[in-house]
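# Sequence unavailable; structure follows:
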């Protein structure tokens, strides 16, 4: 019995060590980043990982059209706001949300979901969606080698801009 317990403990330790090693290796290839925005008392931060293009076809290739994407790499991207905002006609309470997208050639579905801490989109649950908005992608003039999120000020409104490869997407928010 003692040998079985020792063997089980060794197996568990090896599996755990392997998991953390692979997670660290993955993160080194897609480093973590924070995009931040502040206007008056309003603050928005987006926590995401930045994969590289590495000569691959991105949208419609690495990230298939019509499939939920974590909008970055590693853990699902998360967006945090410190005040209520209006998004696609719905009031979002201050807090933190998971950000997913469904890329397509002519439209992208942008999703805010209440379940935090997800690795990728493997356990994504549509029933936990807070809201969805459909936006149009646009072509970028130059190839963006590393996935990038910026928060821009468009008039009084923050716009979240996603850029990777030759594709850009703007996601508008409006403060209340």
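Nice, thanks for sending it over. Given the structure is predicted, the values throughout are model-derived calculations rather than measurements.
# Do a quick rundown of the strands in the chain.
32-39, 42-49, 77-81, 85-87, 90-92, 95-102, 108-113, 129-135, 137-154, 157-172, 174-175 (DSSP state E).
# The ones you listed into TSV, with extra columns for distance to residue 4?
Every C-beta, even on glycine, is put in place using the N, C-alpha and C of the backbone. TSV is the format used below for those (distance: least, C-beta to C-beta, whole Å):
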stretch	distance to residue 4
strand 32-39	40
strand 42-49	39
strand 77-81	41
strand 85-87	54
strand 90-92	52
strand 95-102	40
strand 108-113	42
strand 129-135	45
strand 137-154	46
strand 157-172	49
strand 174-175	60
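# Can you say which of these is nearest to residue 65?
Residue 65 lies closest to strand 95-102 among the strands of the chain, at 8.4 Å (C-beta to C-beta).
# Identify the bridge partners of the most centrally placed residue in the chain.
Centroid check for the chain by C-alpha atoms, centre = their mean gives residue 77 as the closest residue, at 2.6 Å. Using DSSP bridges, the bridge partners assigned to residue 77 are residue 99.
# what's the distance between it and residue 148?
Separation of residue 77 from residue 148 (C-beta to C-beta, to the nearest Å): 12 Å.
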